[in-house]
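>>> Structure for the following, please:
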Amino acid sequence: MPLRQTYLSMKKKLPAEAEAVLVIRGRGNDELAPSKELLDEFARLKAEYSPESGYPSAVHYAWDKSNYEQRCLEEIRGSKRSMDRLRELSEKAKRKDIFLICYEGEDKPCHRRLLLQIASQDLGAVVDPTPYVPLCSCSTQDENAE
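Down below sits the predicted model:
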């Protein structure tokens, strides 16, 4: 089974047997979250965003201007604790579905995709970077029959 990712509002829609791992600072697994310094700079840059900047959103602007991708990759790869935890989750994903979860929706850049990249490239983990789509919308035809 691959190591996967999704965003927080999808958590309740995951398969019952899947394990959700929050990679959000202050919500557990801080070793897999960006540093407070990087998050603070990201928030500051998001607040500075202007549509005239040429970026499609404040998130895209802050991601680029903070050099978020490179810095986050360096933070994770440079931390034994982070790499050990990612290795542990990669091993566990061989037996069950493991989803890395944070806030950003699929249409925005996000560090959980960077975690999958590290797991694949550095640890040889099997990953599935495609967005998670529930098998059903959880409504039934009976509800719509009347």
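>>> What is the neighbour count of residue 68?
If you count neighbours by other CB atoms under 10 Å, residue 68 ends up with 22. C-betas here are computed from N, CA, C, even on glycine.
>>> meant to ask about residue 23
25.
>>> Pull up the gap between the most centrally placed residue in the chain and residue 50, please.
By CA atoms, centre = their mean, the chain has its centre lying nearest to residue 112, at 2.5 Å. To residue 50, residue 112 is 27 Å away according to CB to CB, to the nearest Å.
>>> so what's residue 36 closest to, chain neighbours aside?
residue 25 (6.6 Å; CB to CB, 6 or more residues apart in numbering).
>>> per-residue confidence for the one you found?
Residue 25 carries a pLDDT value of 94.
>>> Using the three-state scheme, assign it.
Secondary structure, DSSP: H, G, I helix; E, B strand; the rest coil: residue 25 is coil.
>>> my read: residue 94 touches residue 1, true?
Yes - counting by CB atoms under 8 Å, residue 94 does reach residue 1; the two are 6.6 Å apart.
>>> Overlap of the contact sets of these two?
Common neighbours of residue 94 and residue 1 are listed as residue 126 (criterion: CB atoms under 8 Å, 6 or more residues apart in numbering).
>>> in this structure, which spans are helices?
36-48, 58-65, 68-77, 80-92, 111-123, 141-144 (DSSP state H).
>>> Comparing these by mean pLDDT, which bottoms out?
Among the helices of the chain, helix 141-144 carries the lowest mean pLDDT, a mean of 40.
>>> closest to residue 105 out of the helices of the chain?
helix 58-65 (9.3 Å; CB to CB).
>>> the inter-axis angle of the closest one versus helix 68-77?
Here the directions of helix 58-65 and helix 68-77 differ by 70 degrees (axes from the mean of the first three to the mean of the last three CA atoms, to 10 degrees).
>>> neighbouring contacts of stretch 72-84?
Contacts for stretch 72-84 (CB under 8 Å, 6+ apart): 31-32, 34-35, 38, 86, 111, 114-115, 117-118, 122-123.
>>> try 7 Å this time
Outside stretch 72-84, the residues within contact range by CB atoms under 7 Å, 6 or more residues apart in numbering are 31, 32, 34, 35, 38, 111, 114, 115, 118, 122.
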